[in-house]
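# Got a predicted structure here, sequence first:
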Amino acid sequence: MTRRADRSSGVRLTAARARADDTGALVPRRRTLDGFTDAVSRSDGVALGDLGPITALRVQTENTLYEITVARPSCATLFIRGGRFFPEATEVRFGGSSYGGSCLKLDWFGVGLHMEFHYDGSWIVTSPIRSLEVLDASALPGPF
């Protein structure tokens with residue numbers, strides 16, 4: 001939804017809440033590049049590059065619990081299971097996290113942000129992350 005600034009209404013928005021674009025439309029601050037960068041820098045999360053191969057994650061979004069295994073962090077390749085798109089462990093390419101707009105923090109799992117995966121020629125965007133847990137190797141199934 002786009003709101004236009006109306007000088008006669010007396011509505012004042014600070015730069016922290018919104019910024020007018022060239023057309024005068026008001027845009028939430030986190031939808032601007034500066035606002036997005038600021039909000040992401042303050043969010044909890046983990047960078048894919050900080051995880052080794054075979055690291056397991058448990059990510060709870062607003063709608064789904066995902067089990068994620070890092071396959072090749074340098075290629076952003078993961079195996080993911082959870083939700084209607086991934087009922088079985090499925091290989092995907094991880095893009096990063098966003099607030100659902102065009103700004104994307106590459107290779108970042110951020111609490112409060114949506115994860116974005118490339119699978120079968122399409123991008124899958126999850127609901128916002130509520131919590132994430134990095135599991136140790138002993139939590140993985142397999143031989144002892």
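On my side now, so go ahead.
# where along the protein do the helices fall?
Ranges of helices in the chain, per DSSP state H, are 33-41.
# Domain parsing of it, as residue ranges.
With domains defined by automatic domain parsing, the chain comprises 3-31, 45-139.
# would JSON lines of these with mean pLDDT and mean neighbour count be doable?
No exception for glycine: its C-beta is placed from N, CA and C like everyone else's. Shown next, in JSON lines, are the domains of the chain (pLDDT from 0 to 100; neighbours: other CB atoms under 10 Å):
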{"stretch": "domain 3-31", "mean pLDDT": "46", "mean neighbour count": "12"}
{"stretch": "domain 45-139", "mean pLDDT": "91", "mean neighbour count": "16"}
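# what pairs with residue 72 across the strands?
Bridge pairing for residue 72 (DSSP bridges) gives the partners residue 77.
# what does the one 10 residues further on give?
Beta-bridge pairing of residue 82, defined through DSSP bridges, involves residue 86.
# how much space between it and residue 131?
Residue 82 sits at a distance of 14 Å from residue 131 (criterion: CB to CB, to the nearest Å).
# ok, now residue 92?
20 Å.
# swap in residue 72?
Distance of residue 72 to residue 131, given as CB to CB: 25 Å.
# so who does the closest residue to residue 70 other than its chain neighbours touch?
Leaving aside its chain neighbours, residue 70 sits nearest to residue 55 (4.5 Å; criterion: CB to CB, 6 or more residues apart in numbering). Residue 55 makes contact with 69, 70, 134, 135, according to CB atoms under 8 Å, 6 or more residues apart in numbering.
# same question, residue 116
With contact taken as CB under 8 Å, 6+ apart, residue 116 is in contact with 94, 95, 96, 97, 98, 104, 123, 124, 125, 126.
# Make JSON lines from those residues and add distance to residue 60 to it.
Below are the contacts of residue 116 laid out as JSON lines (distance: CB to CB, whole Å):
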{"residue": "94", "distance to residue 60": "17"}
{"residue": "95", "distance to residue 60": "19"}
{"residue": "96", "distance to residue 60": "18"}
{"residue": "97", "distance to residue 60": "14"}
{"residue": "98", "distance to residue 60": "18"}
{"residue": "104", "distance to residue 60": "21"}
{"residue": "123", "distance to residue 60": "21"}
{"residue": "124", "distance to residue 60": "17"}
{"residue": "125", "distance to residue 60": "16"}
{"residue": "126", "distance to residue 60": "10"}
